[in-house]
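In: Quick one: sequence and predicted model below, then my questions.
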Amino acid sequence: MFQYRLVERGNALKTRLCLGLDPRLAAYDSVEAMRSHTLAVLEAVAPFIVCVKPQAAFYEAAGLPGLQLMDEVMMLARRLDVPVLLDAKRGDIGSTAEAYAQAWLEGRHAGNAITINPYLGFATLRPFVASARQHGGAVFVLVRTSNPDSGDLQGLMADGCSVAEHVAREVARLGEEEAEALASVGAVVGATHPAELARFRALMPKATLLLPGLGAQGATAATLAPAFLAEGTGAVVSASRGIQYAQGCDLDAAVAAARGYRDELNLAAGQHG
């Protein structure tokens, strides 16, 4: 199961770092240059990461060559035994949700896990959760996202708690349907909200937390200790631009950035449990 693959790989490599791969066509002279650099970054930093998180939008923006590159990224990750967490933020109802789940959690072109959007209602989560459970994958529900204006909706109060907290309670409820100590239903909680991490950790004790926002968005590893469970498990922290474009397209700089983030996160995780 995906959540335990993260634990096993994290323990083996002593890392809690998730590599976000967001190839920006404007940074390159050609699509081929974008392709070669993106794949080279993944291969070079693989020893320092617990998983890779391709952001689907950047691949879609490059058209068919971009989608082909996303497929290549996932194939390379499989060869390197790096779990794939696809950042697609899908969410829809009924048969459409089932089709999204089939596309991104099943079959040859799928990832091992996907981010999903609950804002059409909690019934939208069911097809994704069912597919993840059937295929040993995972879903990461948007709870408290890393962007500065996330509070516009997620911070609204209803029945004494925020919308984000209501979503967190549903994540916890889904997790309780499973006997495992770590559930296949995880949550996205921005690393940019360190003061709220203890609260969301308490609300979702069985959820693996995906913490985006390290580096370019301003989050720092030292503030993230409350997100981790005992022995530094239960959370992975994503950095994207801060690694892939740490110093332009310099590969050595990407490796150095990944190594540095890994070491900082290990220190933070070691402060808990």
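Out: On my side now, so go ahead.
In: okay, CA-based contacts and neighbour counts for the rest of this
Out: OK.
In: Kindly list the longest helix within this structure.
Out: Using DSSP state H to assign secondary structure, the helix with the most residues in the chain is helix 251-270.
In: So which residues make contact with that one?
Out: Residues external to helix 251-270 that are found in contact with it (Cα atoms under 8 Å, 6 or more residues apart in numbering): 14-17, 40-41, 44-45, 48-49, 221-225, 228, 231-233, 242-247.
In: cutoff 6 Å now
Out: 15, 17, 45, 221-222, 225, 232, 243-244, 246-247 (Cα atoms under 6 Å, 6 or more residues apart in numbering).
In: Report the two members of those residues separated by the largest distance.
Out: Taking Cα to Cα as the measure, the contacts of helix 251-270 span a maximum distance of 29.5 Å, between Gly232 and Gln247.
In: and these two? which has more neighbours close in?
Out: The neighbour count for Gly232 versus Gln247, taken as other Cα atoms under 10 Å, is higher for Gly232 (26 against 14).
In: Give the closest residue to the more buried one in space, chain neighbours not counted.
Out: Beyond its immediate neighbours in the sequence, the residue positioned closest to Gly232 (Cα to Cα, 6 or more residues apart in numbering) is Ala269, lying 4.6 Å away.
In: For Thr115, name its beta-bridge partners.
Out: Phe140 (DSSP bridges).
In: Which residue in the contacts of helix 251-270 has the weakest pLDDT?
Out: The member of the contacts of helix 251-270 with the lowest pLDDT is Gly232, at 85.
In: Which residues are in contact with Gly136?
Out: The neighbours of Gly136, taking Cα under 6 Å, 6+ apart as the test, are Met1.
In: State the distance from it to Arg5.
Out: With distances defined as Cα to Cα, to the nearest Å, the gap from Gly136 to Arg5 amounts to 10 Å.
In: what does Pro194 give?
Out: Taking Cα to Cα as the measure, Pro194 and Arg5 are separated by 26 Å.
In: The two: who's more crowded?
Out: Remark: of Pro194 and Arg5, Pro194 carries more neighbours, 20 against 17, as counted by other Cα under 10 Å.
In: Return the residues in contact with the more buried one.
Out: Neighbouring residues of Pro194 by Cα under 6 Å, 6+ apart: Thr223.
In: Find the residue at the geometric middle of the protein.
Out: Residue closest to the average C-alpha location in the chain (Cα atoms, centre = their mean): Leu210, at 4.9 Å.
In: What strands flank the helix or strand harbouring it, and is each parallel or antiparallel?
Out: Using DSSP states H and E, Leu210 falls within strand 209-212. Here the strand partners of strand 209-212, with direction, are listed using DSSP bridges: strand 185-189 (parallel), strand 235-239 (parallel).
In: re earlier: average pLDDT for the longest helix of the chain, rounded please.
Out: Computed over helix 251-270, the average pLDDT equals 95.
In: okay, the angle between it and strand 235-239?
Out: Direction vectors for helix 251-270 and strand 235-239, defined by axes from the mean of the first three to the mean of the last three Cα atoms, to 10 degrees, enclose an angle of 150 degrees.
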